[in-house]
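1. The sequence isn't on hand, but the structure is:
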């Protein structure tokens, strides 16, 4: 038998890895086998199965083995008592900044788990071509939280503070970005670009055009994530919306941040929804919240949502600065704000689980508690009672309930101690 060439060996190895990821092996349980972990007595809320009922969840070998009314206590090696709590799929944060040391604003993803209930996160443009390999090798590989990324169209990503990364348009190298996408299809979702005037200065549509070109050159259907808020002009905002393709993500969709001349140039202008925003929504552009420290305005959302521009995904835009801002953009708190805006609990959970899971489309069955899914679970408490929420422009809205994280499980293993500190909402 002839020896395999290096190329043949790599091809076979890659194929085997793909098969193992697509269809994880699961042996049938015998009558005396035990679950590694049972989460018992909670109210399971799983939008992917239209399920909201009291159930026990049995996890074995890091995978959900069963969801049933009762699992006998003797069948569990370890148990978590979730009585009186909500048990939902591990939350997925489509927009956060989780590249510590390599980005100017990154937080370690694992440090966010107890405050967010997140088991999967997406790095929203923290890394560009120049520092993407370090994100993958030194951060993703050492992080328990499942992580994906949008690569920034600017080569240096978000490491350039206080000088914005796209003041010099030569930092946006289309072919290099396309190469990074082609080489990292398993990990990358597409390209991130920030289109605010204080980031791109007077370069107009050029950064976005380069990002789209990179997506279309890379050989697979990569998506754009486009940051808005404080766009240079009202006309440019409509032009940005017109360029977006079905499946692209408009993040900070409900931003009320003004441009450098203090003019409001976002999707709601002079109290009216831009026709280009509704047209983008109708052709399949995805609207993401991306709350952050300066990118969510109740008054924008209260016009855009009834006008037809509902959110597809709820995300935090959490980073070292936004985490300390008065709007408290931790993901469960942002979800709670959308209940104030009229969405049901089931809807806000879906926008932080099944909806971002479809955008990621890399790991089978994330964002769900279906049998065979990774054992990713967020246990939450729905605290009922009067509560006030602030947006990022100090607008206040009163609500009747808030979500509080209690315990998170990643791949069948409880992550750290249960979160016991008071969950302050201003």
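-> Received, thanks. Predicted model only: the values in this text are computed from it and were never measured. Residues are numbered from 1 along each chain as shown.

2. For the rest of this, base every contact and every neighbour count on C-alpha atoms.
-> Will do.

3. Residue 262: neighbour count?
-> 10 (other Cα atoms under 10 Å).

4. And for residue 94?
-> Neighbours of residue 94 using other Cα under 10 Å come to 33.

5. In contact with it, which residues are there?
-> 121-124, 313-316, 356 (Cα atoms under 8 Å, 6 or more residues apart in numbering).

6. Listing partners with orientation, what would you give for the helix or strand harbouring residue 87?
-> Using DSSP states H and E, residue 87 sits in strand 86-89. Strand 86-89 pairs in its sheet with strand 37-46 (parallel), strand 377-390 (antiparallel), by DSSP bridges.

7. contact partners of it?
-> So strand 86-89 is contacted by 42-46, 349, 353, 366-369, 376-382 (Cα under 8 Å, 6+ apart).

8. let's see it at 6 Å
-> Identification of contacts with strand 86-89 by Cα atoms under 6 Å, 6 or more residues apart in numbering yields 42-46, 367-369, 377-381.

9. gap between residue 332 and residue 43?
-> Distance of residue 332 to residue 43, given as Cα to Cα, to the nearest Å: 17 Å.

10. which one of the two has more residues nearby?
-> residue 332 (25 against 21).

11. Would you state the helices of the stretch 101-250 of the chain in chain order?
-> 109-116, 132-134, 174-183, 197-200, 206-217, 234-243 (DSSP state H, counting those that start in this stretch).

12. Please name the nearest non-neighbouring residue to residue 326.
-> Nearest non-adjacent residue to residue 326, counting by Cα to Cα, 6 or more residues apart in numbering: residue 390, 6.9 Å away.

13. State the distance from that neighbour to residue 329.
-> Residue 390 sits 10 Å away from residue 329, going by Cα to Cα.

14. between these two, who's got more neighbours?
-> residue 329 (29 against 22).

15. what's the spacing between that one and residue 315?
-> In terms of Cα to Cα, residue 329 sits 9 Å off from residue 315.

16. Please apply the same query to residue 247.
-> Going from residue 247 to residue 315 by Cα to Cα gives 17 Å.

17. Settle it for me: which of the two has more neighbours?
-> residue 315 (30 against 18).

18. right, and the more buried one touches residue 290 too?
-> Yes - at 4.9 Å, residue 315 counts as touching residue 290 under the criterion of Cα atoms under 6 Å.

19. residue contacts, residue 96?
-> Contacts of residue 96 (Cα under 6 Å, 6+ apart): 123-124, 317-318.

20. For residue 333, what are phi and psi?
-> Dihedral pair for residue 333: phi -70, psi -40, per degrees, to the nearest 10.

21. Next, count neighbours for it.
-> 22.

22. Wasn't residue 307 part of a helix?
-> No - the assignment for residue 307, made by DSSP: H, G, I helix; E, B strand; the rest coil, is coil rather than a helix.

23. Once you drop chain neighbours, what's closest to it?
-> Spatially, and ignoring its direct neighbours in sequence, residue 307 is nearest to residue 273 (6.8 Å; Cα to Cα, 6+ apart).

24. Report the beta-bridge partners for the one you found.
-> Beta bridges link residue 273 to residue 268 when assigned by DSSP bridges.

25. Can you tell me the element the residue most central in space within the chain falls in?
-> With distances taken as Cα atoms, centre = their mean, residue 94 lies nearest the centre of the chain, 1.4 Å away. Assigned by DSSP H and E, residue 94 belongs to strand 91-96.

26. Helix 109-116 and that strand, what's the angle between them?
-> For strand 91-96 against helix 109-116, the angle by axes from the mean of the first three to the mean of the last three Cα atoms, to 10 degrees is 120 degrees.

27. I'd like the distance from strand 91-96 to the chain centre, please.
-> Distance, stretch centre to chain centre, for strand 91-96: 2 Å (Cα atoms, centre = their mean, to the nearest Å).

28. circling back: now the helices of the stretch 101-250 of the chain in JSON lines, with distance to residue 277?
-> Listed next are those as JSON lines, based on distance: least, Cα to Cα, whole Å:
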{"stretch": "helix 109-116", "distance to residue 277": "30"}
{"stretch": "helix 132-134", "distance to residue 277": "32"}
{"stretch": "helix 174-183", "distance to residue 277": "26"}
{"stretch": "helix 197-200", "distance to residue 277": "19"}
{"stretch": "helix 206-217", "distance to residue 277": "16"}
{"stretch": "helix 234-243", "distance to residue 277": "6"}
